[in-house]
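J.: when you get a sec, could you give me coordinates for this:
(one chain, ligands or ions: 1)
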Amino acid sequence: MNESLVDCHAHLIFDNVDAKKIINGMAGVLDYIVCVSTSKMDNLKVVKLAEKEKNIYATVGIHPEYASETNPEDYKLIKKLATNKKVVAIGECGLDLHYRSDNFLKQKEVFIKQIEIAIQFKKPLMVHVRDAEEQVLEILKEYRGRLVDVIIHCYSSKNENITKAFIDLDVFFSFAGNFTFKNYRREDIKLIPINKLLVETDSPFLSPEPIRGTQNEPKNVHITVEKIAKVLEIENNKLKTILKENAKRVFRL
Ligand SMILES: [Zn+2]
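T.: Have a look, this model is predicted:
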């Protein structure tokens, strides 16, 4: 029998995403989905969905893409929602120099605010990082020992040293469909302690090979898991059990 899985990072509140259909199709495939917010508009919506649906959990936060329009009211709402028991992390938040660098100071400010909220509410931090690994490492080092946990979502290694620096910080690494892509540095996963591995889809983005380019769905998470199992030379169901235990631990479920 095939073990079920969990999707640690998916966007269900999104254009052209049929959350109802995804939730109805979860039975026997996915135990639960962590529905991630990216903006002030979504924070209330993801929590509402999680309150209504037993197998959906939520994160609240602001993605660096939306950093510029963030104001103190938004932090107030995040703090209010962070006390909801279905909210399992703060984020996704972080730094992104790939899409834009013009608002980098503001990105930093918004990221740090959310780190402080995660510390205050003892929630793990769901981090987005793209082309800003060194800057994220520098900030996380400052908060070392104060954050309950950090998840680097959709982890993609630039080089071994960066992976090792994140390992030193004791973070969780969440792998998405890009792990299956041709040019992805898969070898680095062998450096990471197995109790720090998580898996996600980041759907509707990042469909894994061989369905790359189509709209992704949480149920596709098994494709990435199978690829990880191959690279780590570990039995598939055994890996699934470990991934579920890791998720349970990091999200305090
Ligand atoms: Zn995401």
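J.: which helices and strands does the biggest strand by length in the chain pack with?
T.: As assigned by DSSP state E, the longest strand anywhere in the chain is strand 87-96. Judged by 3 or more Cβ pairs under 8 Å, 6 or more residues apart in numbering; DSSP states H and E, strand 87-96 is in contact with strand 56-60, helix 72-82, helix 104-120, strand 125-130, helix 133-142. Bear in mind the C-beta positions are built from the backbone N, C-alpha and C, glycine included.
J.: and the ones you listed: which comes nearest residue 66?
T.: Closest to residue 66 of the helices and strands packed on strand 87-96, according to Cβ to Cβ: helix 104-120, at 8.3 Å.
J.: what sits up against that closest one?
T.: 61-62, 64, 67-68, 70, 75, 78-79, 82, 89-91, 93-97, 123-125, 135-136, 139, 143, 146-148 (Cβ atoms under 8 Å, 6 or more residues apart in numbering).
J.: make it 7 Å
T.: Outside helix 104-120, the residues within contact range by Cβ atoms under 7 Å, 6 or more residues apart in numbering are 61-62, 64, 67-68, 70, 75, 78-79, 82, 90-91, 93-97, 124-125, 139, 143, 146-147.
J.: all helices of this protein, in order?
T.: Ranges of helices in the chain, per DSSP state H, are 19-24, 40-52, 72-82, 104-120, 133-142, 160-168, 221-232, 236-250.
J.: now tabulate the ones you listed in JSON lines and tack on mean neighbour count and distance to residue 210.
T.: Rendered in JSON lines, the data for the helices of the chain read as follows (neighbours: other Cβ atoms under 10 Å; distance: least, Cβ to Cβ, whole Å):
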{"stretch": "helix 19-24", "mean neighbour count": "15", "distance to residue 210": "21"}
{"stretch": "helix 40-52", "mean neighbour count": "19", "distance to residue 210": "30"}
{"stretch": "helix 72-82", "mean neighbour count": "16", "distance to residue 210": "38"}
{"stretch": "helix 104-120", "mean neighbour count": "19", "distance to residue 210": "35"}
{"stretch": "helix 133-142", "mean neighbour count": "17", "distance to residue 210": "29"}
{"stretch": "helix 160-168", "mean neighbour count": "16", "distance to residue 210": "26"}
{"stretch": "helix 221-232", "mean neighbour count": "19", "distance to residue 210": "8"}
{"stretch": "helix 236-250", "mean neighbour count": "18", "distance to residue 210": "17"}
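J.: looking at these, which is nearest to residue 205?
T.: helix 221-232 (12.8 Å).
J.: the closest one: how far from the chain's middle?
T.: Remark: helix 221-232 is offset 17 Å from the chain centroid, using Cα atoms, centre = their mean, to the nearest Å.
J.: pLDDT of stretch 166-173, averaged?
T.: In this model, stretch 166-173 carries a mean pLDDT of 98.
J.: that one spans what distance, first to last residue?
T.: End-to-end span of stretch 166-173 (Cα to Cα, to the nearest Å): 9 Å.
J.: residues in contact with that stretch?
T.: Contacts to stretch 166-173, defined as Cβ under 7 Å, 6+ apart, come from residues 137, 140-141, 144, 149-152, 155, 191-192, 196-198, 246, 250.
J.: now for those residues: which two are most distant?
T.: Most distant of the contacts of stretch 166-173, by Cβ to Cβ, are 141 and 246, 22.9 Å apart.
J.: of the contacts of helix 104-120, just the buried ones, ChimeraX syntax please.
T.: For the buried members of those, the matching ChimeraX selection, counting by 16 or more other Cβ atoms under 10 Å, is:
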select :61,62,64,67,70,75,78,82,90,91,93,94,95,96,124,125,139,143,147
